[in-house]
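> Following is a predicted model, sequence given first.
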Amino acid sequence: MATERLTVVIKLVTEILTTCFRIGTSSIVDEHTHEPILSILTLIVETAAKLHRDGHNVVLVSSGAVGVGLRRMDVEERPKYLPRIQALAAVGQCRLMSLWDGLFSHLRLPVAQILLTRNDIADRTQYVNAQNTFAQLFDMGVIPIVNENDTLAVSEIKFGDNDTLSAITAAMVKADYLFLMTDVDCLYTANPRTDPNAQPIEVVSDISSLEADVSSAGSALGTGGMSTKITAARLGTSAGVTTIITKSSKPGNIHDVVRYLQELKKAVASDSADGANTASTSQTSSPPLHTRFLPSETPIQSRSFWLLHGLTPHGTLYIDQGAYAALQKKASLLPAGVVDVDGHFGQQEAVRLVVVEKISPDALNGDFLHPGQEPKEVGRALVNYGSLEIARIMGHRSTHIQSLLGYADSEYVCLRENISFFGKDEHTRR
């Protein structure tokens, strides 16, 4: 028994972790002067270096290109004109990477720049290539610094945020921890700035039951806020990543939290090896205040995550309950199970899967719903036929595809391997 305990503890001590930091614009440049906040940036670099010296992999997801560009071009406010924002991002990205490279070079740590857009990860081959690049950089002892390619990503600047990018990156590299750094220590039950009775929420095991104040918006330079961090936590935890919200002005908390969680793991493993209860876990040091979102006990696999979150859906397939039940049993989607089609898409493009209950075989345009029934998006799929073709073959047997279309590339609308379903928390909120 003692030998088994020693083996477990040694394994935990030598475990190589992958930690992803998400650093917002407000942590990188001053909101008013646009000057780099060197005090915070230096602490972030020191924290990354400590984890790196401990043998762990580190990824930084860094915003700030537009903010740094404003300073470089002596522009006082973030403009409204999109091409100008993109131009400032192009100017600022050079300066931002120079800043990170200069700080890390003092500690003799090489860094690499990785710019991503949704188009980059929409292609499965490119997604896998990105994973391989990250793996090679880790092997070489390099710290990747990831940012959205704001010069090209129109929708990202207008609607998106780097919190979501950080969650996708964390899932891509199979990270153990994702740290979302913000201007508060953790989530609270209410806004701590206005409500003195606000209580910290330290551990969240079920995001769907979360009761917290998420009304805070991002800064004047950034695009995020607390709600986007909750969204990122949903994505991260679904992929098995422990997601943590902590204060951006105290980057050293990251190292302390990681050390605490490793001590906690060792204490639990020690208790389990001894057949004891959790007496020794109470002796672990108290961590800095933070909110920890526990990972899913059944995390989705890499390909399923890519299908759900790496692709932009171009339309919707409405399927009946029978088809949904068959898909749950690993069957592929037959045209007979499709009730309606919405949107314009081609072969091998992503679509939403929405379950409905039809009331007549020829009902269209939403009339297939029972009164009061809400359609439920349950997942995503890559289709074998375009929207026009599916509209013609839906509700028919597969043997009729040839006569209806003049050809039959497949007997299925979607193959089961190209279908992925949301977890319980994800589809209940849709």
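Good, I have the coordinates. What you are looking at is a predicted structure, and each value in this text was computed from that prediction instead of being measured.

> where along the stretch 101-250 of the chain do the strands fall?
111-116, 143-148, 177-182, 187-188, 200-201, 203-204, 242-247 (DSSP state E, counting those that start in this stretch).

> and the second one, what does it pack onto?
Meaning strand 143-148. strand 57-62, helix 82-105, strand 111-116, helix 124-139, helix 162-172 (3 or more C-beta pairs under 8 Å, 6 or more residues apart in numbering; DSSP states H and E). Every C-beta, even on glycine, is put in place using the N, C-alpha and C of the backbone.

> got the contact list for A198?
Applying C-beta atoms under 8 Å, 6 or more residues apart in numbering, we find A198 in contact with Y188, T189, A190, N191, P192, D213.

> Check L333 too.
Applying C-beta under 8 Å, 6+ apart, the residues near L333 are L317, I319, A323, L327, A381, Y412, V413, C414, R416, I419.

> roughly how far apart are it and A326?
Per C-beta to C-beta, to the nearest Å, L333 is found 8 Å from A326.

> Return the per-residue confidence for Q373.
We have a pLDDT of 58 for Q373.

> for K80, same thing?
87.

> What of T231?
On the pLDDT scale, T231 gets 89.

> Wait, it touches D163, no?
Yes: in this structure T231 lies within contact range of D163 using C-beta atoms under 8 Å: 6.7 Å.

> who has more neighbours, those two?
D163 (30 against 18; other C-beta atoms under 10 Å).

> residues in contact with that one?
R22, L180, G224, T228, K229, T231, A232.

> among those, which two are most distant?
The distance between the two most remote of the contacts of D163 (C-beta to C-beta) is 12.2 Å, for R22 and T231.

> what sits up against stretch 69-78?
Counting by C-beta under 8 Å, 6+ apart, 29, 33-36, 66, 85, 87-93, 95, 220-221 sit against stretch 69-78.

> Who does R292 form a beta bridge with?
V203, I244 (DSSP bridges).

> what about it, how many residues close to it?
Going by other C-beta under 10 Å, the residues that sit close to R292 add up to 22.

> and it, what is it in contact with?
E202, V203, V204, T242, T243, I244, V257, L261.

> I figured the fifth one hits I230, correct?
No: assessed by C-beta under 8 Å, T243 is found out of contact with I230, at 9.6 Å.

> And these two? Which one has more around it.
Remark: of T243 and I230, T243 carries more neighbours, 31 against 20, as counted by other C-beta under 10 Å.

> how far away is that one from E76?
If you go by C-beta to C-beta, the gap between T243 and E76 works out to 35 Å.

> What of I245?
I245 is 31 Å from E76, by C-beta to C-beta.

> out of these two, which sits in the more crowded spot?
Under the criterion of other C-beta under 10 Å, the comparison of I245 against E76 puts I245 first, with 26 against 9.

> what residues are up against that one?
F179, L180, T182, V184, C186, L187, K229, A233, H290, T291, F293.

> Neighbour-wise, which one of these leads?
Most surrounded of these: other C-beta under 10 Å gives L180, at 31 neighbours.

> what's the pLDDT at G240?
Reported pLDDT for G240: 94.

> quick one: which helix or strand includes F305?
Here F305 sits within helix 302-305, counting by DSSP states H and E.

> Quick check: the residue most central in space within the chain vs V204, distance?
The centroid of the chain falls nearest to A167 when counting by C-alpha atoms, centre = their mean (2.4 Å). From A167 over to V204 the distance is 15 Å, taken as C-beta to C-beta.

> ditto for F179
15 Å.

> Also V257?
V257 is 15 Å from V204, by C-beta to C-beta.

> in the stretch 251-400 of the chain, which ranges drop under the pLDDT threshold?
For the stretch 251-400 of the chain, the stretches with pLDDT under 70 are 269-284, 358-374.

> Would you map the helices across it?
252-274, 302-305, 321-328, 387-393 (DSSP state H, counting those that start in this stretch).

> Turn those helices into a markdown table, including distance to A408 and mean neighbour count.
As requested, these are exported to a markdown table (distance: least, C-beta to C-beta, whole Å; neighbours: other C-beta atoms under 10 Å):
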| stretch | distance to A408 | mean neighbour count |
| --- | --- | --- |
| helix 252-274 | 54 | 18 |
| helix 302-305 | 26 | 18 |
| helix 321-328 | 19 | 16 |
| helix 387-393 | 9 | 18 |
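
> I'd like the ones you listed laid out as TSV, including distance to S209.
Converted to TSV, the helices of the stretch 251-400 of the chain look like this (distance: least, C-beta to C-beta, whole Å):
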stretch	distance to S209
helix 252-274	23
helix 302-305	23
helix 321-328	24
helix 387-393	37
